[in-house]
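**Student:** how would this look folded up:
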Amino acid sequence: MQWSLFVLFLMGQCSFFTCHLYEYHFIPEGKTWDEAQSYCREHFTDLATVSDMRDVERLTNSSQTTGAWIGLRSINEKMIKEWRWSLPGEKYNPTECDPEWLPNEPNNGGVDPENCVVIKTSQKWYDDHCSRTPKRFICYNETGPQKYFLIDEPKNWLEAQSYCRENHTDLVSGITHIRSDGFKERVDEFKKRVQDKGIIHKVLWIGLFREIWSWSDGKNFSFRHWDPDSFKDEASKTCAMTTSNGKWSSDNCMDPKPFYCYDDKVILINESKTWDEALTYCRENHHDLVSITDSHQQRWVEKRAKMTDTEFVWLGMRYTCTLDLWFWVNDRLVCYHNWAQDNMDEQCGMAGVMERDGEWYTKADSEKFHFICAK
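**Tutor:** Alright, predicted model coming up:
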């Protein structure tokens, strides 16, 4: 009975818990984008990186949100090679013979750059100019019984993205059949939805776009929050700033503006230690081994894991035989998880690791890996 009550108490720990693995700092002093970048790197970590709508809300709730630099800057258009999905966390994994594209696509073949993607006859894709011709589009809804919504109101790509984020979750993303980890069910659901609606012969925006901006700290988060009404797609306006409604615009990088820095609260330790040794090191030199309680934190820690020299990094997660449960070192149950398929080994002396691709595995706590601390 005593153990049951304890487990019930811990089950309650899954709710109402938010921890930020980085902090934003508003600097009211006007600086050019390069000067702001130097200031942030000297006093904090870097100019602000924004990974999803939760970060947008944190900036928007700040007392200062208008006309402030963030760490996004355009890159040389001729060097663009990478396509990304609008929905944070979705990864585009092309193959040499990607079956989703129409023949000879994408070709960036217009007079202006073709950086957005439409789906058309036979559910094939082609790239198109993002704003020249308004089109209908498909939104994805993360919750609720219906996942996909055809919006029969032509908009340019940015307007379509804003509409989907305000009324659903995002523009439809991740609709490929390359992965084999159960993701195909979602792909099949999307294709059935398209066929049921009889829209297979229409031209519709999807959430795939070609990246022409990069973050100051080198992170490859694909999330963008441009304001369709104020975004200036001009050669001289190559740095991103916030606007009064929390969305982003662009301006000349030499214009002095206030800015946002961020201070990272996780650190990769490139020393091989057992799980207990890693825990002791983090608690003596920082705060603790890192805990991950939602997908937002997962994406942030995953970026650190990619920088390790070992195959895995220790996380602050361990299995207890007595209760038959996985725990975080911050005394939370493992409610959110990102276990690799069939790789959750529940045995005494096991602890959790993250592979460089972000998936979790179990390893004997006596093995030695690099690890990630929470500051």
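
**Student:** let me see the ranges of the strands in the stretch 1-150 of the chain.
**Tutor:** 22-31, 46-47, 69-74, 83-85, 116-120, 124-128, 135-140, 148-155 (DSSP state E, counting those that start in this stretch).

**Student:** who does the fifth one touch, helix- and strand-wise?
**Tutor:** In this structure, strand 116-120 makes packing contacts with strand 124-128, strand 204-210, judged by 3 or more Cβ pairs under 8 Å, 6 or more residues apart in numbering; DSSP states H and E. C-beta coordinates here come from the backbone N, C-alpha and C atoms, glycine included.

**Student:** what do you get if the cut-off is 10 Å, keeping everything else the same?
**Tutor:** Contacts defined by 3 or more Cβ pairs under 10 Å, 6 or more residues apart in numbering; DSSP states H and E place strand 116-120 against strand 124-128, strand 135-140, helix 157-167, strand 204-210.

**Student:** highest mean neighbour count out of the ones you listed?
**Tutor:** Neighbour counts (mean count of other Cβ atoms under 10 Å) averaged over each of the helices and strands packed on strand 116-120 peak at strand 204-210, with a mean of 25.

**Student:** rewinding a little: turn the strands of the stretch 1-150 of the chain into JSON lines, including mean pLDDT.
**Tutor:** Output for the strands of the stretch 1-150 of the chain, formatted as JSON lines (pLDDT from 0 to 100):
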{"stretch": "strand 22-31", "mean pLDDT": "92"}
{"stretch": "strand 46-47", "mean pLDDT": "95"}
{"stretch": "strand 69-74", "mean pLDDT": "94"}
{"stretch": "strand 83-85", "mean pLDDT": "88"}
{"stretch": "strand 116-120", "mean pLDDT": "88"}
{"stretch": "strand 124-128", "mean pLDDT": "88"}
{"stretch": "strand 135-140", "mean pLDDT": "90"}
{"stretch": "strand 148-155", "mean pLDDT": "88"}
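
**Student:** of the ones you listed, which is nearest Glu359?
**Tutor:** Glu359 lies closest to strand 83-85 among those, at 18.5 Å (Cβ to Cβ).

**Student:** just checking, what packs against the closest one?
**Tutor:** Using 3+ Cβ pairs under 10 Å, 6+ apart, strand 83-85 sits against strand 204-210.

**Student:** and the strand it packs on, which strands flank it?
**Tutor:** Strand 204-210 sits in its sheet next to strand 83-85 (antiparallel), strand 116-120 (antiparallel), strand 135-140 (parallel), going by DSSP bridges.

**Student:** same for the very next helix or strand once past it, what does it pack against?
**Tutor:** Downstream of strand 204-210, the next assigned helix or strand under DSSP states H and E is strand 213-215. If contacts are counted by 3+ Cβ pairs under 10 Å, 6+ apart, strand 213-215 sits against strand 69-74, strand 239-242.

**Student:** of all those, which one is nearest Gln297?
**Tutor:** strand 69-74 (19.5 Å).

**Student:** tell me the bridge partners for the closest residue to Ile75 other than its chain neighbours.
**Tutor:** In this structure, Ile75 finds its nearest non-sequential neighbour in Ser214, 5.0 Å apart by Cβ to Cβ, 6 or more residues apart in numbering. Counting by DSSP bridges, Ser214 forms beta bridges with Arg73.

**Student:** ok, Ser214 to Gln297 distance?
**Tutor:** Separation of Ser214 from Gln297 (Cβ to Cβ, to the nearest Å): 23 Å.

**Student:** which of the two has more neighbours?
**Tutor:** Neighbours were counted for Ser214 and for Gln297 using other Cβ atoms under 10 Å; Gln297 has more, 20 against 16.

**Student:** closest one to Asn330 among the helices and strands packed on strand 116-120?
**Tutor:** Across the helices and strands packed on strand 116-120, closest to Asn330 is helix 157-167 (Cβ to Cβ), at 31.0 Å.

**Student:** centre of the chain to the closest one, how far?
**Tutor:** Going by Cα atoms, centre = their mean, to the nearest Å, the spacing between the C-alpha centre of helix 157-167 and its chain's C-alpha centre is 17 Å.

**Student:** as a whole number, average confidence for it?
**Tutor:** Across helix 157-167, the average pLDDT comes to 93.

**Student:** what's the answer for stretch 225-245, then?
**Tutor:** Mean predicted lDDT for stretch 225-245 stands at 83.

**Student:** likewise stretch 309-322?
**Tutor:** pLDDT averaged over stretch 309-322 gives 90.

**Student:** flag every buried residue along it.
**Tutor:** Neighbour counts over stretch 309-322 (16 or more other Cβ atoms under 10 Å) mark 310, 312-319 as buried.

**Student:** can you pull the poorly scored residue ranges out of the stretch 151-300 of the chain?
**Tutor:** Filtered on pLDDT under 70, the stretch 151-300 of the chain yields the residue ranges 176-201, 232-233.

**Student:** can we see that at 50?
**Tutor:** 177-185 (pLDDT under 50).

**Student:** show me where it has strands.
**Tutor:** Going by DSSP E, counting those that start in this stretch, the stretch 151-300 of the chain shows strands at 170-171, 204-210, 213-215, 239-242, 248-251, 257-264, 266-273, 288-289.

**Student:** save those as JSON lines, and put in distance to Lys303 too.
**Tutor:** Below are the strands of the stretch 151-300 of the chain laid out as JSON lines (distance: least, Cβ to Cβ, whole Å):
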{"stretch": "strand 170-171", "distance to Lys303": "20"}
{"stretch": "strand 204-210", "distance to Lys303": "20"}
{"stretch": "strand 213-215", "distance to Lys303": "10"}
{"stretch": "strand 239-242", "distance to Lys303": "19"}
{"stretch": "strand 248-251", "distance to Lys303": "21"}
{"stretch": "strand 257-264", "distance to Lys303": "10"}
{"stretch": "strand 266-273", "distance to Lys303": "9"}
{"stretch": "strand 288-289", "distance to Lys303": "17"}
